[in-house]
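K.L.:
Give me a 3D structure for the following:
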Amino acid sequence: MNHLSKKVLPGFILSLAILTSACSFSTSSTARRDATYASAAQTTVSQEVSQDVTNQQLATDQSAIPSPTTVPSPTNLPTATSTPVATTYTGPVCDNSIYISDVTIPDNTVVAAGQTFVKTWMLQNTGTCTWNTNYTLTYVGGSQMGGTNTSIGGSVAPGQQAELSVTLTAPTTTGQYTGYWRLFNASGETFGEQVDVLINVGESAVVPTFTPAPTATP
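P.N.:
Numbers count the residues shown, from 1 in each chain. Down below sits the predicted model:
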(Lines give C-alpha, C1' and ligand atoms only; values in the text may rest on other atoms or scores of the structure.)
Protein backbone atom coordinates (compact mmCIF):
# COMPACT_ATOMS: atom_id res chain seq x y z
CA MET A 1 0.00 0.00 0.00
CA ASN A 2 1.32 3.33 -0.98
CA HIS A 3 1.63 6.37 1.12
CA LEU A 4 -1.57 7.97 -0.31
CA SER A 5 -3.63 4.97 0.50
CA LYS A 6 -2.46 5.21 4.06
CA LYS A 7 -3.72 8.81 4.27
CA VAL A 8 -6.99 8.29 2.43
CA LEU A 9 -8.09 5.15 4.17
CA PRO A 10 -8.36 6.60 7.64
CA GLY A 11 -10.28 9.58 6.27
CA PHE A 12 -12.68 7.33 4.42
CA ILE A 13 -13.27 5.24 7.47
CA LEU A 14 -13.97 8.37 9.53
CA SER A 15 -16.39 9.68 6.95
CA LEU A 16 -18.16 6.37 6.81
CA ALA A 17 -18.48 6.37 10.54
CA ILE A 18 -19.92 9.86 10.57
CA LEU A 19 -22.37 8.98 7.83
CA THR A 20 -23.45 5.88 9.60
CA SER A 21 -23.87 7.80 12.80
CA ALA A 22 -25.89 10.46 11.03
CA CYS A 23 -28.13 7.90 9.46
CA SER A 24 -28.58 6.22 12.77
CA PHE A 25 -29.43 9.55 14.42
CA SER A 26 -31.86 10.38 11.66
CA THR A 27 -33.55 7.01 11.97
CA SER A 28 -33.72 7.32 15.71
CA SER A 29 -35.18 10.83 15.49
CA THR A 30 -37.75 9.71 12.97
CA ALA A 31 -38.71 6.77 15.15
CA ARG A 32 -39.09 9.00 18.18
CA ARG A 33 -41.13 11.48 16.20
CA ASP A 34 -43.40 8.74 14.86
CA ALA A 35 -43.82 7.34 18.35
CA THR A 36 -44.74 10.81 19.66
CA TYR A 37 -47.31 11.28 16.89
CA ALA A 38 -48.74 7.84 17.53
CA SER A 39 -49.01 8.54 21.25
CA ALA A 40 -50.73 11.87 20.60
CA ALA A 41 -53.13 10.27 18.16
CA GLN A 42 -53.89 7.52 20.64
CA THR A 43 -54.52 10.10 23.36
CA THR A 44 -56.87 12.04 21.07
CA VAL A 45 -58.79 8.86 20.19
CA SER A 46 -59.02 7.94 23.84
CA GLN A 47 -60.36 11.39 24.68
CA GLU A 48 -62.91 11.19 21.88
CA VAL A 49 -64.01 7.71 22.99
CA SER A 50 -64.27 8.91 26.59
CA GLN A 51 -66.33 11.96 25.51
CA ASP A 52 -68.63 9.72 23.46
CA VAL A 53 -69.16 7.45 26.47
CA THR A 54 -69.85 10.47 28.67
CA ASN A 55 -72.34 11.88 26.15
CA GLN A 56 -74.10 8.53 25.90
CA GLN A 57 -74.26 8.31 29.71
CA LEU A 58 -75.72 11.80 29.93
CA ALA A 59 -78.29 10.95 27.25
CA THR A 60 -79.20 7.77 29.13
CA ASP A 61 -79.51 9.64 32.44
CA GLN A 62 -81.66 12.36 30.89
CA SER A 63 -83.92 9.80 29.25
CA ALA A 64 -84.43 8.22 32.70
CA ILE A 65 -85.77 11.51 34.08
CA PRO A 66 -89.57 11.48 33.80
CA SER A 67 -91.08 14.24 31.70
CA PRO A 68 -92.99 16.84 33.73
CA THR A 69 -96.66 16.03 33.90
CA THR A 70 -98.98 18.75 32.78
CA VAL A 71 -101.17 19.81 35.71
CA PRO A 72 -104.80 20.20 34.59
CA SER A 73 -106.40 23.57 35.17
CA PRO A 74 -108.76 23.59 38.16
CA THR A 75 -112.39 23.15 37.22
CA ASN A 76 -114.76 25.81 38.45
CA LEU A 77 -116.95 23.97 40.94
CA PRO A 78 -120.47 25.22 41.66
CA THR A 79 -120.68 27.42 44.71
CA ALA A 80 -122.26 25.58 47.61
CA THR A 81 -125.34 27.26 48.93
CA SER A 82 -126.40 26.80 52.51
CA THR A 83 -129.90 27.19 53.84
CA PRO A 84 -129.92 29.37 56.95
CA VAL A 85 -131.21 27.56 59.98
CA ALA A 86 -133.68 29.50 62.05
CA THR A 87 -132.58 29.73 65.65
CA THR A 88 -134.43 31.00 68.66
CA TYR A 89 -132.52 33.11 71.12
CA THR A 90 -133.35 31.96 74.63
CA GLY A 91 -130.94 34.13 76.61
CA PRO A 92 -131.85 37.20 78.65
CA VAL A 93 -133.28 40.23 76.81
CA CYS A 94 -134.01 43.77 77.92
CA ASP A 95 -137.81 43.62 77.68
CA ASN A 96 -139.81 40.46 78.30
CA SER A 97 -142.84 39.35 80.28
CA ILE A 98 -144.99 36.33 81.11
CA TYR A 99 -148.67 36.01 82.00
CA ILE A 100 -149.32 34.91 85.60
CA SER A 101 -153.11 35.04 86.07
CA ASP A 102 -156.39 36.88 85.59
CA VAL A 103 -157.05 39.18 88.53
CA THR A 104 -160.51 40.27 87.35
CA ILE A 105 -163.00 39.06 84.71
CA PRO A 106 -161.83 35.45 84.26
CA ASP A 107 -162.47 33.87 80.86
CA ASN A 108 -166.15 33.35 79.95
CA THR A 109 -167.38 35.85 82.52
CA VAL A 110 -170.92 36.92 81.65
CA VAL A 111 -171.17 40.65 81.21
CA ALA A 112 -174.30 42.59 80.47
CA ALA A 113 -174.51 44.23 77.06
CA GLY A 114 -173.08 47.71 77.14
CA GLN A 115 -171.61 47.27 80.64
CA THR A 116 -168.31 48.98 81.46
CA PHE A 117 -165.78 46.90 83.38
CA VAL A 118 -162.06 46.81 84.25
CA LYS A 119 -159.97 43.88 83.11
CA THR A 120 -156.81 43.25 85.16
CA TRP A 121 -153.98 40.80 84.48
CA MET A 122 -151.02 39.82 86.66
CA LEU A 123 -147.80 39.94 84.64
CA GLN A 124 -144.17 39.39 85.58
CA ASN A 125 -141.15 41.29 84.25
CA THR A 126 -138.78 38.54 83.00
CA GLY A 127 -136.43 40.89 81.14
CA THR A 128 -133.35 42.75 82.32
CA CYS A 129 -134.80 46.28 81.98
CA THR A 130 -137.15 48.10 84.36
CA TRP A 131 -140.57 49.04 83.01
CA ASN A 132 -141.66 52.65 83.55
CA THR A 133 -144.67 54.84 82.82
CA ASN A 134 -143.67 55.02 79.13
CA TYR A 135 -144.57 51.31 78.81
CA THR A 136 -148.17 50.67 77.75
CA LEU A 137 -150.69 47.86 77.59
CA THR A 138 -151.79 48.08 73.96
CA TYR A 139 -154.65 46.59 71.94
CA VAL A 140 -153.35 44.24 69.19
CA GLY A 141 -156.41 42.36 67.86
CA GLY A 142 -159.86 40.85 68.31
CA SER A 143 -162.67 42.87 69.85
CA GLN A 144 -161.38 46.15 71.24
CA MET A 145 -164.49 46.73 73.38
CA GLY A 146 -163.84 50.45 73.51
CA GLY A 147 -160.48 50.03 75.25
CA THR A 148 -157.57 52.41 74.69
CA ASN A 149 -153.80 51.95 75.01
CA THR A 150 -153.02 52.46 78.70
CA SER A 151 -149.81 53.28 80.57
CA ILE A 152 -148.79 50.67 83.11
CA GLY A 153 -148.80 53.54 85.60
CA GLY A 154 -145.63 52.76 87.54
CA SER A 155 -142.19 51.15 87.68
CA VAL A 156 -141.69 47.38 87.53
CA ALA A 157 -138.17 46.04 88.12
CA PRO A 158 -136.85 42.81 86.60
CA GLY A 159 -138.35 39.81 88.38
CA GLN A 160 -141.25 41.75 89.89
CA GLN A 161 -144.95 41.09 89.23
CA ALA A 162 -147.52 43.81 88.60
CA GLU A 163 -151.28 44.15 88.06
CA LEU A 164 -151.97 45.86 84.74
CA SER A 165 -155.47 46.98 83.78
CA VAL A 166 -157.58 48.44 80.96
CA THR A 167 -161.10 49.80 81.07
CA LEU A 168 -163.51 48.14 78.59
CA THR A 169 -167.16 48.25 77.58
CA ALA A 170 -169.07 45.14 76.58
CA PRO A 171 -170.67 45.18 73.12
CA THR A 172 -174.43 45.80 73.00
CA THR A 173 -175.07 42.58 71.05
CA THR A 174 -175.16 39.25 72.86
CA GLY A 175 -172.41 36.76 72.07
CA GLN A 176 -168.85 35.81 72.94
CA TYR A 177 -166.09 38.37 72.48
CA THR A 178 -162.32 38.14 72.80
CA GLY A 179 -159.80 40.96 72.74
CA TYR A 180 -156.00 40.68 72.64
CA TRP A 181 -153.51 42.98 74.38
CA ARG A 182 -149.76 43.16 74.68
CA LEU A 183 -147.03 45.27 76.29
CA PHE A 184 -145.16 47.94 74.30
CA ASN A 185 -141.91 49.54 75.44
CA ALA A 186 -140.93 53.21 75.23
CA SER A 187 -139.69 52.72 71.64
CA GLY A 188 -143.06 51.35 70.51
CA GLU A 189 -141.80 47.75 70.24
CA THR A 190 -143.95 44.85 71.38
CA PHE A 191 -142.58 42.26 73.78
CA GLY A 192 -143.58 39.47 76.13
CA GLU A 193 -146.59 37.16 76.15
CA GLN A 194 -149.89 38.27 74.67
CA VAL A 195 -152.88 38.40 77.06
CA ASP A 196 -156.59 38.31 76.28
CA VAL A 197 -160.00 39.14 77.69
CA LEU A 198 -162.85 36.73 76.90
CA ILE A 199 -166.45 37.56 77.89
CA ASN A 200 -169.97 36.38 77.14
CA VAL A 201 -172.38 39.22 76.61
CA GLY A 202 -175.88 38.62 78.04
CA GLU A 203 -178.98 40.78 77.83
CA SER A 204 -178.58 44.46 77.25
CA ALA A 205 -178.35 46.56 80.32
CA VAL A 206 -181.61 48.20 81.28
CA VAL A 207 -181.30 51.97 81.12
CA PRO A 208 -183.77 53.59 83.47
CA THR A 209 -186.15 56.11 81.87
CA PHE A 210 -186.71 59.35 83.69
CA THR A 211 -190.36 60.42 83.67
CA PRO A 212 -190.88 64.02 84.70
CA ALA A 213 -193.54 64.70 87.27
CA PRO A 214 -196.76 66.19 85.97
CA THR A 215 -196.95 69.91 86.10
CA ALA A 216 -199.56 71.26 88.49
CA THR A 217 -202.34 73.24 86.90
CA PRO A 218 -203.21 76.41 88.74
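
K.L.:
Could you verify my assumption that residue 105 touches residue 195?
P.N.:
No: counting by C-beta atoms under 8 Å, residue 105 sits too far from residue 195 to count as a contact (11.6 Å). Where you see a C-beta, it was placed from the backbone N, CA and C, and this is true even at glycine.

K.L.:
List the beta-bridge partners for the closest residue to residue 176 other than its chain neighbours.
P.N.:
Excluding the flanking residues, the one nearest residue 176 by C-beta to C-beta, 6 or more residues apart in numbering is residue 200, at 5.2 Å. Beta-bridge partners for residue 200, by DSSP bridges, are residue 110, residue 176.

K.L.:
Wait, residue 200 touches residue 109, no?
P.N.:
Yes: at 7.1 Å, residue 200 counts as touching residue 109 under the criterion of C-beta under 8 Å.

K.L.:
can you map out the strands along the protein?
P.N.:
When assigned using DSSP state E, the strands of the chain occupy the ranges 97-102, 109-113, 116-125, 136-142, 150-151, 161-169, 175-184, 190-204.

K.L.:
Mind putting these into a markdown table with mean neighbour count and mean pLDDT?
P.N.:
Output for the strands of the chain, formatted as a markdown table (neighbours: other C-beta atoms under 10 Å; pLDDT from 0 to 100):
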| stretch | mean neighbour count | mean pLDDT |
| --- | --- | --- |
| strand 97-102 | 16 | 98 |
| strand 109-113 | 16 | 97 |
| strand 116-125 | 18 | 98 |
| strand 136-142 | 17 | 97 |
| strand 150-151 | 14 | 97 |
| strand 161-169 | 18 | 98 |
| strand 175-184 | 18 | 98 |
| strand 190-204 | 18 | 92 |
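
K.L.:
contacting residues around the residue nearest to residue 176?
P.N.:
Contact analysis of residue 200 by C-beta atoms under 8 Å, 6 or more residues apart in numbering lists 108-111, 175-177.

K.L.:
again, only this time at 7 Å
P.N.:
The contact partners of residue 200, by C-beta atoms under 7 Å, 6 or more residues apart in numbering, come to 108, 110, 176.

K.L.:
roughly how far apart are residue 156 and residue 177?
P.N.:
Taking C-beta to C-beta, to the nearest Å as the measure, residue 156 falls 28 Å from residue 177.

K.L.:
ditto for residue 131
P.N.:
The gap separating residue 131 from residue 177 is 28 Å, by C-beta to C-beta.
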